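Participant: Coordinates only, no sequence provided:
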């Protein structure tokens, strides 16, 4: 395992190719694109969408203005609370239900409430979220409510055995719930070895298998892991594990799982190549085989999504930085129709065409 040097990039330090990409996307955004922000009263990102009680509920992170330094550890993403959104099925209008959970109400968490998710069981709603503890380590917590819009009450401690970011919870046909999570760079996967945190970043060589996201079945009460987390293996078309140097396809962050016609679709962000991509497997644990791109790059550095079915139509939920004219840490949630073709493959979406 070789240590990989990370360099924070400001707007003045972007490569010519990266700068052109941002300029092209900004120009596309000036034409309004295909989809408008679901809400404009606050900045929102990382949307996790579910259908609860016959309505689409969206669980995003809440971006805020900050003086924090912009770097690869994500200090600029300084979120302090969560809001829940819902979408009216008749008008498509989104409602902001206000603060559902604040860092001040989470005993173990110090800062940075990043991308969350939610699940439902037996009439109760469970809200899963990452945050840095008082040692600066990202953990995953859970909070509970009787209402899908919250407010949620956090458990006293984070979920034992969890670390890193971006929890996503999938309910299988038998009622079992699985949580997926992980992220590199600011997500800290590169800091964990043999179940122990190490402050030194260590990355695989480009020709070695990429860091894998994690999955574990949740306990019956939805508050703990029911098993030791397992690595999710993602293979290419030749049956080889995706390597760390394969930036267009390897996992970076933003796990999501949905099921379609008996197959399991694991989707995620490629991070520094700014794509949402997917792989298909036969069960929630995988292994998965890479298939292609769901969403092309959007305005802003990050790309994060979810996929949900509502009234026989599939939708992709994502974010970009159009509401703030390109400020990466001030984003807005959008949605678009998503289509599986006759072979079950997902048609690539371009948000600006």
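Facilitator: Perfect, thanks for sending it. As the structure is a prediction and not an experimental result, all values here were calculated from the model. Residues are numbered from 1 along each chain as shown.
Participant: Just the buried residues of stretch 63-72, please?
Facilitator: 63, 68, 70 (16 or more other CB atoms under 10 Å). (C-beta placed from N, C-alpha, C; glycine too.)
Participant: which residues of the stretch 151-300 of the chain fall in strands?
Facilitator: Listed in chain order, the strands of the stretch 151-300 of the chain (DSSP state E, counting those that start in this stretch) span 153-154, 168-171, 177-181, 192-193, 196-197, 214-217, 230-231, 234-235, 253-260, 263-269, 276-281, 288-295.
Participant: Ramachandran angles for residue 228?
Facilitator: Backbone torsions for residue 228, taken as degrees, to the nearest 10, come to phi -70, psi 130.
Participant: Was I right to think it contacts residue 161?
Facilitator: Yes. Residue 228 is in contact with residue 161 according to CB atoms under 8 Å; the separation is 7.3 Å.
Participant: Mind checking which of those two has more residues around it?
Facilitator: Legend: neighbour count by other CB atoms under 10 Å for residue 228 and residue 161, higher for residue 161 (15 against 9).
Participant: just the helices in this structure please.
Facilitator: All helices of the chain, identified by DSSP state H, fall at 16-30.
Participant: okay, which residue is most central for it?
Facilitator: The residue lying closest to the centre of the chain (CA atoms, centre = their mean) is residue 254, at 3.0 Å.
Participant: Identify the residues contacting residue 75.
Facilitator: For residue 75, the contact set (CB atoms under 8 Å, 6 or more residues apart in numbering) comprises 68, 69.
Participant: residues bridging contact with residue 228 and residue 161, i.e. touching both?
Facilitator: residue 216.
Participant: picking that back up, which of the buried residues of stretch 63-72 lies closest to residue 122?
Facilitator: Proximity of those to residue 122 (CB to CB) peaks at residue 63, which lies at 32.9 Å.
Participant: so what's residue 349 closest to, chain neighbours aside?
Facilitator: Distance criterion CB to CB, 6 or more residues apart in numbering; nearest residue to residue 349, sequence neighbours excluded, is residue 295 at 5.1 Å.
Participant: Near that neighbour, how many other residues are there?
Facilitator: With other CB under 10 Å as criterion, residue 295 counts 25.
Participant: How about it: which residues does it bridge to?
Facilitator: Listed by DSSP bridges, the beta-bridge partners for residue 295 are residue 276, residue 349.
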